[in-house]
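Participant: Only the shape, not the letters, is given here:
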């Protein structure tokens, strides 16, 4: 793709701070890629360039594009360091584990692990889990960590029972993390920040390592990510941030729009380049998106345009119920497929996960291939079991992994024996129980020996055999045989890491498994209609997009509290519209069942905001030439 004038300016800029405001579909990945190549062409060593983005998919795409260009055009086989914020954190924490007093093979807690520990802490503190709901506790701690607050700097208040108790829970939670040699997902950023903040030598070393820094999706950075960015940037301020205020949709998990709005103040002398030409969508889709977003006040002005064809109007369907809505979506999707559209180029987007039920039933009944984003390969029980064996082998402190696998398959170690193991009181066990514990530890030791020297694929195969999982599953049911096939697929996947030296390969496999997101489960090999939330669709694009459930209180979603950003729902709808290349269908229901109760729904204000010039109503009883929308109907 040839660069337009503003893209060329962004690529050519090489010294000092640069902010690129990149609208949806404006080719920002292409610009960042070409910019890194241009820097290398000017003499910057590839290893001195860092690029950070938010999704594994985006990082992989960017990395592969740069590597392909460098290898083909310049015969350069080293490349810039491209990573997500979290994978960058893992890499730096492993490299500098000795500075933090943690094991290099630290475990990474997922949400299930964190909830397990919080439940144990509540029992230990004699607190009612109904009053202090574990998931709320974890979400609250996550927000504090995103703001750079640690357990030691958290200010408790005896007069505030909730905060005082939260402080006690947090302290006990952190103590358990230390005991298990683990970090949770938020620690990967928080501990990276404190590492850079408190260790001048480490900070200077990394500032010298990366002379040119690129941060993608900058509007989605939280306070800690902003601080990490500042600490990694050296005195030359060769930092390029790329973002779109209109696509800031993650304030609920700490994303701070101020980071982008104040960038020019934080980095004086910033060059600002605005990318407004869209290469993805039709003119009608972009006009609808512009009409939606222009009503927001907290933004930097830009207006998307395209040289693409005008395209079709956006279609609106007023359904009787969620079942009628689902029927309509499936029928229209089938019509698209019958006309030659690939099912993978069709997406159905919804505001809340519960909306997928009726849609799934309709797709299943009509026998139209579909895939719901969110069924992750690494979440399958048998896959988690194998990875737990390897994590426990590398980190014997990992109590969660040990508890998971000690009886998988059964080996005669019950809860009492396990408790004695964790308490370090194995000598109190019977001779027979001690022997079983010793046998189990020998299994982990042998897996560790293999993991530290062999290729990851061989480590997987060895762990499956040595643990007894292979024997147990081979002799089981048809479902067990399917699980064994999934484990074999894990070994196949692991082979992609075999080229990495020594234990680096198995560490990278474990890291990628821990940091996998819902988008990573979206197989492009499976030719099916994609069903997902609008949040999950960010960064993706499809020819045909259905936006369902466009009703007041659902989309836009009802305001949860006084801290809710009123403009975020509008940004979210803007993101949804701009996922489409060719056609958008908008649907809403007159009656919808929510939490078991049927309610009368009002059509979303967003439909009226688009305006009748860009909409047509779909009704089987109205001839196509009369399907212009009359907004009075809404």
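Facilitator: That came through, no problem. Owing to the predicted nature of the structure, the values given are computational and were not obtained by experimental measurement.
Participant: Distance check, the closest residue to residue 12 other than its chain neighbours against residue 240.
Facilitator: Spatial nearest neighbour of residue 12, chain neighbours left out: residue 38 (6.8 Å); criterion: CB to CB, 6 or more residues apart in numbering. Glycine gets a C-beta too; all of them are placed from N, C-alpha and C. Distance of residue 38 to residue 240, given as CB to CB, to the nearest Å: 11 Å.
Participant: Please say which of the two ends up with more neighbours.
Facilitator: residue 240 (27 against 16; other CB atoms under 10 Å).
Participant: Could you verify that the more buried one is part of a helix?
Facilitator: No: Residue 240 sits outside any helix when classified using DSSP: H, G, I helix; E, B strand; the rest coil, being strand.
Participant: What sits closest to it if chain neighbours are left out?
Facilitator: Counting by CB to CB, 6+ apart, residue 240 lies nearest to residue 18, which is 4.3 Å off, once chain neighbours are set aside.
Participant: I'd say the one you found and residue 10 touch.
Facilitator: Yes: using CB atoms under 8 Å, residue 18 is in contact with residue 10, at 7.0 Å.
Participant: Show me the common contact partners of the two, please.
Facilitator: Residues touching both residue 18 and residue 10 (CB atoms under 8 Å, 6 or more residues apart in numbering) are 240, 273.
Participant: My guess is residue 588 contacts residue 603. True?
Facilitator: Yes: if you go by CB under 8 Å, residue 588 and residue 603 touch, sitting 4.9 Å apart.
Participant: Between those two, point out the one with more neighbours.
Facilitator: Taking neighbours as other CB under 10 Å, residue 588 and residue 603 compare with residue 588 leading, 25 against 19.
Participant: so what's the closest residue to that one other than its chain neighbours up against?
Facilitator: Among residues not flanking residue 588 along the chain, residue 550 sits closest, at 4.3 Å (CB to CB, 6+ apart). Neighbouring residues of residue 550 by CB under 8 Å, 6+ apart: 586, 587, 588, 603, 604, 606, 607.
Participant: Quick check: pLDDT value at residue 550.
Facilitator: Residue 550 carries a pLDDT value of 97.
Participant: got the buried residues for the helix or strand where residue 144 lies?
Facilitator: With elements taken from DSSP states H and E, the one containing residue 144 is helix 134-146. Within helix 134-146, the residues scored as buried using 16 or more other CB atoms under 10 Å are 134, 137, 138, 140, 141, 142, 144, 145, 146.
Participant: Now the helix or strand following it: buried residues?
Facilitator: Proceeding N to C from helix 134-146, the next assigned helix or strand is helix 161-179, under DSSP H and E. Across helix 161-179, burial judged by 16+ other CB under 10 Å covers 165, 166, 167, 169, 170, 172, 173, 174, 176, 177.
Participant: Name all residues that make contact with the residue nearest to the third one when sequence neighbours are not counted.
Facilitator: I take that to be residue 167. Spatial nearest neighbour of residue 167, chain neighbours left out: residue 156 (3.4 Å); criterion: CB to CB, 6+ apart. By CB under 8 Å, 6+ apart, residue 156 lies in contact with 163, 164, 166, 167, 168.
Participant: Go ahead and confirm the fourth one touches residue 152.
Facilitator: Okay, so that is residue 167. No: using CB under 8 Å, residue 167 is not in contact with residue 152, being 10.2 Å away.
Participant: Let me know the pLDDT of residue 628.
Facilitator: 53.
Participant: Would you mind measuring from residue 255 to residue 571?
Facilitator: 11 Å.
Participant: got any residues that touch both of these two?
Facilitator: With CB under 8 Å, 6+ apart as the test, residue 255 and residue 571 both reach 248, 249.
Participant: Need the distance between the two termini of stretch 415-432.
Facilitator: End-to-end distance for stretch 415-432: 15 Å, by CA to CA, to the nearest Å.
Participant: Please enumerate the helices of the stretch 451-600 of the chain.
Facilitator: Using DSSP state H, counting those that start in this stretch, the helices of the stretch 451-600 of the chain run over 456-467, 469-474, 478-494, 504-515, 534-537, 568-577.
Participant: and the gap between residue 276 and residue 7?
Facilitator: Distance from residue 276 to residue 7, by CB to CB: 11 Å.
Participant: Who has more neighbours out of the two?
Facilitator: Ranked by neighbour count (other CB under 10 Å), residue 276 and residue 7 place residue 7 first, with 23 against 16.
Participant: Confirm that the more buried one sits in a helix.
Facilitator: Yes: remark: residue 7 belongs to a helix, assigned using three-state DSSP.
Participant: my read: it touches residue 28, true?
Facilitator: No: applying CB under 8 Å as the test, residue 7 and residue 28 come out as separate, 9.0 Å apart.
Participant: Show me whatever sits in contact with both of those two.
Facilitator: Counting by CB under 8 Å, 6+ apart, the contacts common to residue 7 and residue 28 are residue 275.
Participant: ok, longest strand in this structure?
Facilitator: strand 580-589 (DSSP state E).
Participant: orientation of that strand relative to helix 568-577 in degrees?
Facilitator: 130 degrees (axes from the mean of the first three to the mean of the last three CA atoms, to 10 degrees).
Participant: and strand 580-589, what other elements does it pack with?
Facilitator: helix 283-293, strand 314-319, helix 322-338, strand 542-547 (3 or more CB pairs under 8 Å, 6 or more residues apart in numbering; DSSP states H and E).
Participant: Please repeat the previous calculation with a cut-off of 7 Å.
Facilitator: strand 314-319, helix 322-338, strand 542-547 (3 or more CB pairs under 7 Å, 6 or more residues apart in numbering; DSSP states H and E).
Participant: between the second one and strand 542-547, what angle do the directions make?
Facilitator: Just to be clear, that refers to helix 322-338. With the same axes, to 10 degrees as the basis, helix 322-338 and strand 542-547 are set at 170 degrees to each other.
Participant: Same check on the first one?
Facilitator: Taking the same axes, to 10 degrees, strand 314-319 and strand 542-547 form an angle of 40 degrees between their directions.
Participant: For strand 314-319, the averaged confidence score.
Facilitator: 96.
Participant: Listing partners with orientation, what would you give for that strand?
Facilitator: Here strand 314-319 is paired, per DSSP bridges, with strand 580-589 (parallel), strand 615-617 (parallel).
Participant: How far off centre is it?
Facilitator: 31 Å (CA atoms, centre = their mean, to the nearest Å).
Participant: Over to the last one?
Facilitator: Relative to the chain's own centre, strand 542-547 is displaced by 21 Å; criterion: CA atoms, centre = their mean.
Participant: Mind listing what's buried along that strand?
Facilitator: Buried-residue list, strand 542-547, by 16+ other CB under 10 Å: 542, 544, 545, 546, 547.
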